[in-house]
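Engineer: just a sequence and a predicted model for now, questions to come.
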Amino acid sequence: MSWLLDADVLSQLARTRGDARVIAWIEREKERCFTSSVVIAQLAAWVRSREGRERASLQAWLSDTLAAMEGRVISFNGSVAHAWAELWSDLRRQGRTMPIEDSYIAATAKRHGLTIVTGNERDFRRPGVKTLNPFREPG
């Protein structure tokens, strides 16, 4: 099985007191971990919301993370866009909504057959994607 890391999980590696269970899980599974360009955008916005040394440190972390995940950052491309359109249409028909960024991440996972690793299971249950919560589940 391969994994799509959400921002709340990936950011644990950059936090002063990141969740030890999540960090250990990532370390064990790192070769099977992917992320989305949308997650990278979320993390880049988080970095830019900081100032001074903290921002510089987080920017270095993000650059190192991107280098370490080379070839495993999945773009929001044409095939993912079509998966998203189907997912979004299904949600609208059901009268369900979810945050737009999360819907892009869900479409990426569906298109590539990945399980989303997140602490935000609630939003990702709406489109019916597989999730794993490393904050409370053993991997």
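Structural biologist: Perfect, I can see it now.
Engineer: which residues are contacting the worst-scoring helix or strand of the chain on mean pLDDT?
Structural biologist: Ranked by mean pLDDT, DSSP states H and E, the helix or strand of the chain with the weakest confidence is helix 121-125, at a mean of 88. Contact with helix 121-125 is made by 98, 99, 102, 105, 106, 116, 118, 131, 133, as judged by CB atoms under 8 Å, 6 or more residues apart in numbering. Quick note: C-beta positions are derived from backbone N, CA and C, even for glycine.
Engineer: how about 10 Å then?
Structural biologist: With contact meaning CB atoms under 10 Å, 6 or more residues apart in numbering, helix 121-125 is reached by 6, 96-99, 101-103, 105-106, 109, 115-116, 118, 129-133, 135-137.
Engineer: how about stretch 78-98?
Structural biologist: Stretch 78-98 has contacts (CB under 10 Å, 6+ apart) with 36-38, 74, 76, 100, 103-112, 120, 122-129.
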